[in-house]
Every structure is written in structure tokens, then in C-alpha cells.
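**Student:** sequence first, predicted coordinates after that:
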2 protein chains.
Amino acid sequence: MPETAGGEGLLFLTDEQLRKGIEAMFFAYRGFTADPDRILEGMDYGRAHHRAIHFVHRSPGTTVSNLLATLGVTKQSLNRVLRTLIDDGLVRSEKGRVDARERHLFLTEKGLILERELSDAQRARMRAAYRAAGPAAVQGFRQVLEAMMDPEMRKQYNRLKEGG
Amino acid sequence: MPETAGGEGLLFLTDEQLRKGIEAMFFAYRGFTADPDRILEGMDYGRAHHRAIHFVHRSPGTTVSNLLATLGVTKQSLNRVLRTLIDDGLVRSEKGRVDARERHLFLTEKGLILERELSDAQRARMRAAYRAAGPAAVQGFRQVLEAMMDPEMRKQYNRLKEGG
DNA sequence: CTTGGAAAGTCAACAAGGCTGACGTAAATT
DNA sequence: AATTTACGTCAGCCTTGTTGACTTTCCAAG
């Protein structure tokens, strides 16, 4: 019974099983980013712009600091991306009213349109995968991914998960 | 019953559920690559070297063409990485005996040592995640990832999955 | 009110790792 | 003999990450 996942045998923890999981992550992540990448190519934007747009949409009014923590890049790196999005009128940056040092970020109408296009594409693939695998598999999928995150990232993730 | 995954309701296919899955992929992939990245930094190598090493180890004697297809990059990009690995004595390139145009790739002793270090780190995280989530979750995890791949990548994945 | 520190923005320089295009060589195939 | 395939390489470009240094703005504590 080589594939009977588990029980006392813990067969799902063999190096071979782990290797399969590693390779699955590698190949799946390619699929995960493929559709947005395709849409973005040709525009002046890339994956980094997609991520910024996603999380600004996800948490409208978030600050640069928050976004920095979520994305895990340097402010110089984020700024370059944010700069073009603001200049192109996809993101609006608003000086904070309670703390004027902070900038609160929002998607403009134009930004919302691109966000929708990108996330429609990405969700379509997720939806197909979820549907093919079924609800029980989806639950397992999310459990394993969550366990795989660094604690800091898990906090970010859970904050987003509840917050919205 | 908002979280009762499935049945006729297909609640697991709501945009909200899909968004959670998307963000889980994003944050989990960071964890997935974090440990090898940490090991590699300081050496002259990066994530691209890790991938090359992984798949050469996985399919000893594979050709450059095969590796190209698996990794999905251009030969110029792969060559830069492979060049340094060969020069540094981590990878051995052997002219094909049946078709002398092909180069067959192998890890050297030195290459195997680094591979082991990298994959130990990555497997440790996977193992912890698998253990935390349990065998049923792991099965679902793999099902969803597999469904998320492009068909071409799924072929690559399955070839590797069986082959070894 | 002054001062220290936080939030943000910016300039400059650099590196990794993708990409295209062009070209060369050896070997297999037709 | 001609063509195609597999590989290697040169040159140049782009995105997206990094450090380091510096400025402006502003809140809050002394």
C-alpha cells in the first residue's frame, strides 16, 4: 500500500513525497503567474506592478509602510513601481489626515479596470483548478500553504484574510 | 453554514475564496524559496542555480534541451547559470555517445553536496508543513497544484513524477 | 519650542536573471 | 552535399531586486 496516505506509517512524509510537493509548487507557480504575465507584457508593467495593484485593491487606503511589509521589498524597489502607477493614473496617493507623513493608496477608476482584468484571469485559473480538485482538496491546499509560510507572512496573510 | 465546503452550493468557488487561494500562493511561495535563498546568498549562486541543480540531480544524464524545456527559460539564460556550475566543478557535462551533439549533465560530488544542503532545507519546511496539515490535506494540496499547471508543465511534472 | 525619530521620496549604482538577435561549430539527417 | 539539430557564445536590453546616502515632512516627547 504505497500510496495510502498516512496513519502511523507517515508515508506522506517520505523524501520522495516531499520532492513531488516541491516540484508541484515549482510548476504550479508558473501557471499561477502565467495569465497576468501575459496580459502585462506589452504594457509597460510587470509582475511587480501586478502585486502592488493587487494589494492596494485589497486594502484601499493602505500606507506605503504597510505595502512594504506585505510585499517584502525595499522602499526604493516599491517606489519605482508605485511611481509609474501613480504617474499613469492607476493609483492615487493621498496625504494622511491624521498623520500627514503617511500616504494612503487607492486605485483610480483606471486602476480598478486593470485590476479587474488581471484578477479575472488569475481567478479563472484558480476556479478551474478548484473545481477540478473539489472542495476537500481545496481545504487541504490552503492548509498546507498556510503551514508553509514564514510566521511573519502568515500574520500578513491572516490579517488580510479576516480584514476584508 | 458559510464554510461548509461544497455540495451544491459551491461556496468554495466564490471570488473571496479564490482570492484567499491567490494570496496563499503568494505568501507560501515566499516561504518555499526562503531557505535555499538564504543558503545561496553569499555564495555566488542564486535561485536559478538552485533550479538547475535540482533538476540535474533529479534526472542525471539529462540533456541541455530537456533542462531547457523543464525550466522554461532560454538557452542563453540557462547557459550563463550552467557555465558557472560547470566551471566551479558542481556539474559535469558529457558529450553524448549515441548522439554526440547532445551534452549529458550530471552532478559531481561537490554538486551533490550542495544539492543535499539545499534540498534538506527545503524539504524540512515541506515536511513541517505536511506534518502540520496531515495526509488528507497533502493529497488535496497536490491535486490543486496539479490542476493549476499549464498542460505542458503538467506533462513535465508527471514525467518526473513517474520516472524516478 | 526644540529636537529626535518615523514615514516617505529620491538619486545613484549595482546585480541577478530574464529576454532577443546574430553567429559559429559539430554532428546527425535527408 | 545540403540541411537541420544541439549546443555555445557574444552583445545588448529590461525588470526587479539590492545598498547607501540624503532630504523633506511631520509627530511626539522632552
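**Tutor:** Noted; the coordinates are in hand. Worth saying up front: this structure is predicted, and the values here are computed from it rather than measured.

**Student:** report all helices and strands that the helix or strand hosting A:Glu146 contacts.
**Tutor:** In the assignment (DSSP states H and E), A:Glu146 maps to helix A:135-148. Other helices and strands packing on helix A:135-148, by 3 or more CB pairs under 8 Å, 6 or more residues apart in numbering or on different chains; DSSP states H and E, are helix B:15-40, helix B:109-133, helix B:135-148. From N, CA and C alone the C-beta is placed, and that goes for glycine too.

**Student:** what's in contact with that helix?
**Tutor:** For helix A:135-148, contacts defined as CB atoms under 8 Å, 6 or more residues apart in numbering or on different chains pick out A:21, A:130, A:133, A:154, A:157, B:5-7, B:11-12, B:17, B:20-21, B:24-25, B:27-28, B:31-32, B:125-126, B:128-130, B:132-134, B:136-141, B:143-145.

**Student:** likewise stretch A:58-72?
**Tutor:** The contact list for stretch A:58-72, computed with CB under 8 Å, 6+ apart, reads A:51-52, A:55-56, A:74-75, A:78, A:82, A:94, A:96, A:102-107, A:153, A:156, A:160, A:163-164, B:19, B:23, B:30.

**Student:** only alpha carbons, please: show stretch A:89-108 as PDB.
**Tutor:** Presented in PDB, the C-alpha positions along stretch A:89-108 are these (Å, rounded to 0.1, in the frame of the first residue of the first chain):
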ATOM      1  CA  GLY A  89      -3.100  57.500 -13.100                       C
ATOM      2  CA  LEU A  90      -3.800  53.900 -11.900                       C
ATOM      3  CA  VAL A  91      -3.000  54.600  -8.200                       C
ATOM      4  CA  ARG A  92      -3.900  57.700  -6.200                       C
ATOM      5  CA  SER A  93      -1.700  58.700  -3.300                       C
ATOM      6  CA  GLU A  94      -3.400  60.800  -0.600                       C
ATOM      7  CA  LYS A  95      -1.700  62.500   2.200                       C
ATOM      8  CA  GLY A  96      -2.900  61.200   5.600                       C
ATOM      9  CA  ARG A  97      -5.300  63.400   7.500                       C
ATOM     10  CA  VAL A  98      -4.500  62.100  11.000                       C
ATOM     11  CA  ASP A  99      -0.800  61.500  10.300                       C
ATOM     12  CA  ALA A 100       0.300  63.600   7.300                       C
ATOM     13  CA  ARG A 101       3.500  61.800   6.900                       C
ATOM     14  CA  GLU A 102       1.700  58.800   5.700                       C
ATOM     15  CA  ARG A 103       0.400  58.300   2.100                       C
ATOM     16  CA  HIS A 104      -2.800  56.400   1.700                       C
ATOM     17  CA  LEU A 105      -3.000  54.500  -1.600                       C
ATOM     18  CA  PHE A 106      -6.100  53.800  -3.700                       C
ATOM     19  CA  LEU A 107      -6.800  52.500  -7.100                       C
ATOM     20  CA  THR A 108      -8.400  55.000  -9.500                       C
END
